[in-house]
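[1] with the input below, show me the fold.
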Amino acid sequence: MSIKNYIYIGGVVMLASMHLTFAEVSDYSGSLRLKYEYQHLVIQNVDIFVDKKTEKEMKNTIKNYSFCFADDIDESVIEYKNKKFISQNNNLNNIEKLNVLIDNSGEENNTNNNIINKQKIRKYVIKKIVPFLNQEKSDVIISKNEEQKIIFDGYGQAGILVNIDSTVNLIASAIENNISYVNIDVEKIEPIITVNDDELKKLGILELVSVGRSDFTGSSYKRVINITNGASKFNGYLIPNNYTFSFNEQLGDIDGTTGYVSELVILGSKVVPEYGGGLCQVSSTAYRGSMLAGMEIVERHNHSYAISYYAPHGSDATIYSPIKDFKFKNTSGNALLLQTRRGGRNNNELFFHYYGTKPIGRDVKIFGPFTSNYRGALASKITYDSSRPAGSVQVVSHSVAGFTSQFYRTVQQDNKDLYKDIFKSIYQSRGHWIIRGGEDPVVAAKKEEEEKKLALEPSFVE
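    Okay, the predicted model is just below:
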């Protein structure tokens, strides 16, 4: 199964590898911005790679390069996407490309009256790129215990190894030829999936199909409890072929008896404590894995507001049983087995591993996110709650702009369309909102004024 993600970031459609997953973690050191969800690099300023001649000549230095890699590159190439074309057309099949061969002659190249220093690029790649992109291969053994419960020893994860020499040449050539982005050459090492159960093998549980990932760094203690508990409900869950999976159905009851704790959630204009706050982290992670695997998405809802936990925006799936659910149909031709786990940086990432059989001849392409209809944040507001301790302060929400985000996906079988999807998410604007404990000072002042007036009014004793 050939699966690629064409990612639209900052006006450029990018190609990323399928086995990598959605989860935004950025490192803003120096001029490098690395986004893990697509494993592409955005070089915001290439001055560090160029030996300066004069300030006048340096004004022509190219900026804002985007670098990414694919898992099926046969040769080092650079692909150029016409930004103006993309912004004015939704026909993604007609995106123009320009392949430029890498010039390996010499250690330095001249562009815009500046000299590209490959030694600087090499040091930068080794220090900044390799540590973030290289990934250890992880194998898993799947079996059943005496109670016939499915157990996992390890987890399936592809290994990634950056080709440093090729990457240096690609970046240098991109700068020289005014290219918007490049595919970084990497070696992909497939994980070994060992299944020690004949029944699971017959169901088609043979390999890693996809991985959904999200980052919940910054979550409260209670939110983490709910995320961990909710994810455990899906570990070892089998989804039969052609079965429509319902997140809410498998999740079950959400209350104190099922291991959840009360956490504040936003319902309309109110902030109220409810059991299970944070479960949308689980449903969003499940959604990402199913979308990457090419499953048919039956029901999915985005959040009302853009929330940092669910970046990149448009890849979230909110649930609120029984009103909102996340559903997909297993169209892989075999059963799917889910493994859920926490891991990653500081154990603050959630993973949904989908095991099964990749359909031969199936191709999945994902374009996005495309953002539009930007709307500024609303005015800030402060509300008071007399039931809370005087002087206490709770930040309910930060200022967030509103916008529309869209992902496009095509799923083909033997070069014939199975379905084309547009996943549209409309996010509302919101302002900075603070709740202070105690009585509203304006209301209190009015009461005091009324009391003074009453005290000054003449009274008659009969």
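[2] buried ones in the strand ranked longest in the chain, by neighbour count?
    Criterion DSSP state E: the longest strand present in the chain is strand 362-375. Of the residues in strand 362-375, 362, 363, 364, 365, 366, 367, 368, 369, 370, 371 count as buried by neighbour count, 16 or more other C-beta atoms under 10 Å. C-beta here means a position set from N, CA and C on the backbone, and glycine is covered the same way.
[3] shaky segments in the stretch 151-300 of the chain?
    Scanning the stretch 151-300 of the chain for pLDDT under 70 picks out 179-183, 266, 268-271.
[4] on that earlier part again, which other helices and strands contact the very next helix or strand once past the longest strand of the chain?
    Using DSSP states H and E, the helix or strand that directly follows strand 362-375 along the chain is strand 381-385. With contacts taken as 3 or more C-beta pairs under 8 Å, 6 or more residues apart in numbering; DSSP states H and E, strand 381-385 sits against strand 433-437.
[5] tally of neighbours for the residue nearest to residue 287 when sequence neighbours are not counted?
    Nearest non-adjacent residue to residue 287, counting by C-beta to C-beta, 6 or more residues apart in numbering: residue 317, 3.7 Å away. Residue 317: 29 surrounding residues under other C-beta atoms under 10 Å.
[6] I figured residue 317 hits residue 325, correct?
    No - with contacts counted by C-beta atoms under 8 Å, residue 317 stays clear of residue 325, the gap being 9.2 Å.
[7] overlap in contacts of the two?
    Contact criterion C-beta atoms under 8 Å, 6 or more residues apart in numbering; residues shared by residue 317 and residue 325: residue 247.
[8] what residues are up against the residue lying closest to residue 319 once chain neighbours are set aside?
    Among residues not flanking residue 319 along the chain, residue 283 sits closest, at 4.6 Å (C-beta to C-beta, 6+ apart). Contact partners of residue 283, counting by C-beta under 8 Å, 6+ apart, are 247, 317, 318, 319, 326.
[9] what of residue 410?
    Going by C-beta under 8 Å, 6+ apart, residue 410 touches 363, 364, 365, 417, 419, 420, 421.
[10] one step back: so the residue nearest to residue 319, which of the three states?
    What DSSP: H, G, I helix; E, B strand; the rest coil gives for residue 283 is helix.
[11] can you give me the neighbour number for the closest residue to residue 125 other than its chain neighbours?
    In space, and not counting its chain neighbours, residue 125 is closest to residue 167: 5.3 Å by C-beta to C-beta, 6+ apart. Number of residues near residue 167 (other C-beta under 10 Å) recorded here: 27.
[12] now do the SS call for residue 167.
    Look at residue 167: counting by three-state DSSP, its state is helix.
[13] what about it, distance to residue 428?
    If you measure residue 167 against residue 428 using C-beta to C-beta, to the nearest Å, the figure is 41 Å.
[14] over to residue 251?
    Distance, residue 251 to residue 428, using C-beta to C-beta: 26 Å.
[15] one more: residue 295?
    Plainly put, residue 295 is 28 Å away from residue 428 if you go by C-beta to C-beta.
[16] which of the two has more neighbours?
    Comparing residue 295 with residue 428 by neighbour count (other C-beta under 10 Å), the higher total belongs to residue 295, at 23 against 14.
[17] next, give phi and psi for the more buried one.
    Per-residue torsions, residue 295: phi -70, psi 160 (degrees, to the nearest 10).
[18] ok, the closest residue to it other than its chain neighbours - contacts?
    The spatially closest residue to residue 295, leaving aside those adjacent along the chain, is residue 328, at 4.4 Å (C-beta to C-beta, 6+ apart). Neighbour list for residue 328: 244, 245, 287, 290, 295, 296, 297, 298 [criterion: C-beta under 8 Å, 6+ apart].
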